[in-house]
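In: what shape does this take:
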Amino acid sequence: MTTPRRGTVYVETYGCQMNVSDSELMLGSLASIGYLPVDAPDGADVILVNTCAIRDHAEQRVIGRLGELKRYMKADTVLGVTGCMAQRLGPRLLDRAKHVDLVIGPDGYRALPSLIEGARDGLRATAVDFDLEEHYEDVSPRRFDRVRAWIPVQRGCDYKCTYCIVPTTRGPERSRQLADVVRETERVVAEGITEVTLLGQTVNSYHDGAHDFADLLSGVGAVPGLRRLRFTSPHPNDFSDRVIEAMATVEAVCEHVHLPMQSGSTRTLKRMLRRYTREEYFDCASRLRAAIPGLSLTTDVIVGFPGETDEDFDETLSAVRELAFDDAFTFKFSPREGTPATRMPAELTVPDEIASDRLGRLIAAVREGARGRNLSLLGTRHEVLVEKVSRRGELLQARTREHRTVLVPGDESMIGAYFMVELTGTTGSTFTGAIVSERAALPLAV
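Out: I've put the predicted structure just below:
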């Protein structure tokens, strides 16, 4: 018996990899009951905008996009806003955008089919309650990527950093059972995917009641056919000796850690409630590098946090230079409604022009250090996985185990294959490479 077609559905995703994974869940849920996923909003029967709330700029961008989407909608198109911004604003979004039919938080996706049917009958609705048991184990995601898979292992966060909205939008931390994560990994490998990234808000604090993150790395890393295992984003406090040993000994675990620092000043870290000092962060980075030769380290940094002085910022600059990050995501502090940082004394506010100047200086320091290190890598050889056609069109985008992007010549038949390349040039952030060996694995079937 065939499933009746319910129309077309378009999902537009903003924000982190967890949102990408959630979009895959939504598409999988709707495709299983007959909806046809499409790549553009024009005339789609259902349009879902999966949102981020981590910074005000992200929310304003979505508000603008919701207005733009009106021109693509038919008279009976159902428009839904999902994800973290939906969770944060709830019914206020329905008041703000009258053409929005549904507002659904990250734990409400199971109700999507029924809510869409209700919207067809004129029922506007919100679904923003937390469900501490929800991991969508019985929902098969419809993956966007045929080379890499994002696998959530944990939802929510218990750390409650003073600037962060995530505990409000995704609720308290809870972990999937290790056996369920291993089974999902086995399924994606059977589909021809050889690289997996484990996702969690503080992924290395994973614990399912019987197994910790070290056990998870060992269990997933043992899946036959899995060649690369990554994870994001960890917290510096949760790199136990067991976890670092697993990273060093499980062959599939890649030599890259994205280790959010946020600030190089202990004073600022204390106000952020990051729960580590500058010295403890340095120690964590040192332990990781000692255990894993050739480790690539990237980070997140916020400037302009309330109370940040010139001296605090200088400590951040010195940390970036001393730790020699391979790359960094850098941001100006963005106050989020409901977070403790918004209740700090007004006199602690850093003027925007000062924050902007600090951001520019920080970006320059990151780029200067990364370019020097990248130039030193020219002529070295690395295994790469070809991911997709590059934006330039005539080249392919590939990635090393250390998460460095390399552009190589070739055609689409090479996507999903592994090659050994020699790094021949760098722009400072990406590399060009020449293939020096035959393919080390067959490309994925199209």
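
In: partners of the helix or strand containing Leu36, with directions?
Out: Under DSSP states H and E, the secondary-structure element containing Leu36 is strand 35-37. Paired strands of strand 35-37, with direction, are strand 7-13 (parallel) (DSSP bridges).

In: I'd like the average pLDDT over the partner strand.
Out: Averaging pLDDT along strand 7-13 gives 96.

In: list the buried ones in the following helix or strand past it?
Out: Of the helices and strands lying after strand 7-13 in sequence (DSSP H and E), the nearest is helix 17-31. Going by neighbour count (16 or more other Cβ atoms under 10 Å), the buried part of helix 17-31 is 18-31. (C-beta placed from N, C-alpha, C; glycine too.)

In: likewise stretch 127-143?
Out: So stretch 127-143, judged by 16+ other Cβ under 10 Å, has buried residues Ala127, Val128, Phe130, His135, Tyr136, Pro141, Arg142, Arg143.

In: and for stretch 142-160?
Out: Of the residues in stretch 142-160, those buried (16+ other Cβ under 10 Å) are 142-144, 146-157, 159.

In: what about the strands in the stretch 301-446 of the chain?
Out: Secondary structure of the stretch 301-446 of the chain, counting by DSSP state E, counting those that start in this stretch: strands at 327-332, 381-389, 395-400, 405-409, 418-426, 431-435.

In: let's have those in CSV, adding mean neighbour count.
Out: Converted to CSV, the strands of the stretch 301-446 of the chain look like this (neighbours: other Cβ atoms under 10 Å):
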stretch, mean neighbour count
strand 327-332, 18
strand 381-389, 19
strand 395-400, 22
strand 405-409, 19
strand 418-426, 19
strand 431-435, 20
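
In: of these, which approaches Val100 most closely?
Out: Nearest of the strands of the stretch 301-446 of the chain to Val100, taken as Cβ to Cβ: strand 327-332 at 27.7 Å.

In: which residues touch the closest one?
Out: Residues outside strand 327-332 that contact it (Cβ atoms under 8 Å, 6 or more residues apart in numbering) are 55, 298-304, 320, 352, 355-356, 359, 362-363, 366, 370, 429.

In: in helices only, show me those residues.
Out: In helices, defined here by DSSP state H, the members of these are Val320, Asp352, Ala355, Ser356, Leu359, Leu362, Ile363, Val366, Ala370.

In: next, give me the two most distant ones among those residues.
Out: Longest span within the ones in helices among the contacts of strand 327-332, Cβ to Cβ: Asp352 and Ala370, 26.5 Å.

In: which stretches of this protein have low pLDDT?
Out: Across the chain, the ranges flagged by pLDDT under 70 are 1-5, 438-446.

In: Asp352 and Ala370: which is more packed in?
Out: Neighbour count, other Cβ atoms under 10 Å: between Asp352 and Ala370, Ala370 has more, with 19 against 11.

In: for Ile104, see how far away the nearest residue to Leu94 once chain neighbours are set aside is.
Out: Distances taken as Cβ to Cβ, 6 or more residues apart in numbering place Arg124 nearest to Leu94, at 5.6 Å, with adjacent residues excluded. Between Arg124 and Ile104 the distance is 12 Å, computed by Cβ to Cβ, to the nearest Å.

In: more neighbours: which of those two?
Out: Between Arg124 and Ile104, counted using other Cβ under 10 Å, the more crowded position is Ile104 (25 against 14).

In: list the residues that contact that one.
Out: By Cβ under 8 Å, 6+ apart, the neighbours of Ile104 are Gly80, Val81, Thr82, Ala86, Ala111, Leu112, Leu115, Thr126, Ala127, Val128.

In: and if you look at Ala248?
Out: Ala248 touches Ala291, Ile292, counting by Cβ under 8 Å, 6+ apart.

In: helix or strand for Ser286, just tell me which one.
Out: Taking DSSP H and E as the definition, Ser286 sits inside helix 278-291.

In: show me what that helix is packed up against.
Out: Judged by 3 or more Cβ pairs under 8 Å, 6 or more residues apart in numbering; DSSP states H and E, the packing partners of helix 278-291 are helix 241-249, helix 266-272, strand 296-303, helix 310-323.

In: kindly recompute the last result at 10 Å.
Out: In terms of contacts (3 or more Cβ pairs under 10 Å, 6 or more residues apart in numbering; DSSP states H and E), helix 278-291 is packed against helix 241-249, strand 256-258, helix 266-272, strand 296-303, helix 310-323.
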